[in-house]
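Undergrad: Structure for this input, please:
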Amino acid sequence: QVQLVESGGGLVQAGGSLRLSCAASGRTFSSYAMGWFRQAPGKEREFVACIKWNGRRTDYADSVKGRFTISRDSAKNTVYLQMNSLKPEDTAVYYCAAGPPAAPVTGDEYDYWGQGTQVTVSS
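TA: Residues are numbered from 1 along each chain as shown. Below is the predicted model:
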């Protein structure tokens, strides 16, 4: 079992930055790939970024490439999402998830989810 708790969301102006954190409990954190997903009001959940269990591969949605960076610290059982050059369209609830080591980009393949943290970007 893995429990995930996100933090770091908030209100920021367009062009600003935020860093989301996702703290995981459980001794097997290092064996899971970690992903970030988001859901805006009235829209379906969408993939944002993921990182392989060993941190050696990352994937990003086209909409965030070059602006967002996912990383993990296995010693702290934490995954991060550094978000720069934020845009109003980045406004959503952001969720972290733990899933298969190969780091899929499909949310349905992830086993554990956090409760989400709100990110609001004002124009």
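Undergrad: going forward, measure contacts between C-alpha atoms and count neighbours the same way
TA: Will do.
Undergrad: how about the strands of this structure, start to end?
TA: 3-7, 10-13, 18-25, 33-39, 46-51, 58-60, 68-73, 78-83, 92-99, 112-113, 117-122 (DSSP state E).
Undergrad: count of residues packed around the closest residue to V12 other than its chain neighbours?
TA: In this structure, V12 finds its nearest non-sequential neighbour in V121, 5.0 Å apart by C-alpha to C-alpha, 6 or more residues apart in numbering. Neighbour count of V121, defined by other C-alpha atoms under 10 Å: 19.
Undergrad: thinking again about what came up before, of all the strands of the chain, which one is nearest T106?
TA: strand 46-51 (6.9 Å; C-alpha to C-alpha).
Undergrad: Tell me how far the spatially most distant residue from the centre of the chain lies from G66.
TA: Within the chain, S123 marks the point farthest from the mean C-alpha position, 22.5 Å out by C-alpha atoms, centre = their mean. S123 is 20 Å from G66, where distance means C-alpha to C-alpha, to the nearest Å.
Undergrad: Adding mean pLDDT and distance to V105, write the strands of the chain out as CSV.
TA: Converted to CSV, the strands of the chain look like this (pLDDT from 0 to 100; distance: least, C-alpha to C-alpha, whole Å):
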stretch, mean pLDDT, distance to V105
strand 3-7, 96, 18
strand 10-13, 98, 25
strand 18-25, 96, 18
strand 33-39, 97, 8
strand 46-51, 96, 6
strand 58-60, 96, 8
strand 68-73, 96, 13
strand 78-83, 97, 15
strand 92-99, 96, 10
strand 112-113, 95, 14
strand 117-122, 98, 20
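Undergrad: Dump the ones you listed into CSV; add distance to T106 as well.
TA: Output for the strands of the chain, formatted as CSV (distance: least, C-alpha to C-alpha, whole Å):
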stretch, distance to T106
strand 3-7, 18
strand 10-13, 26
strand 18-25, 19
strand 33-39, 9
strand 46-51, 7
strand 58-60, 12
strand 68-73, 16
strand 78-83, 18
strand 92-99, 10
strand 112-113, 13
strand 117-122, 20
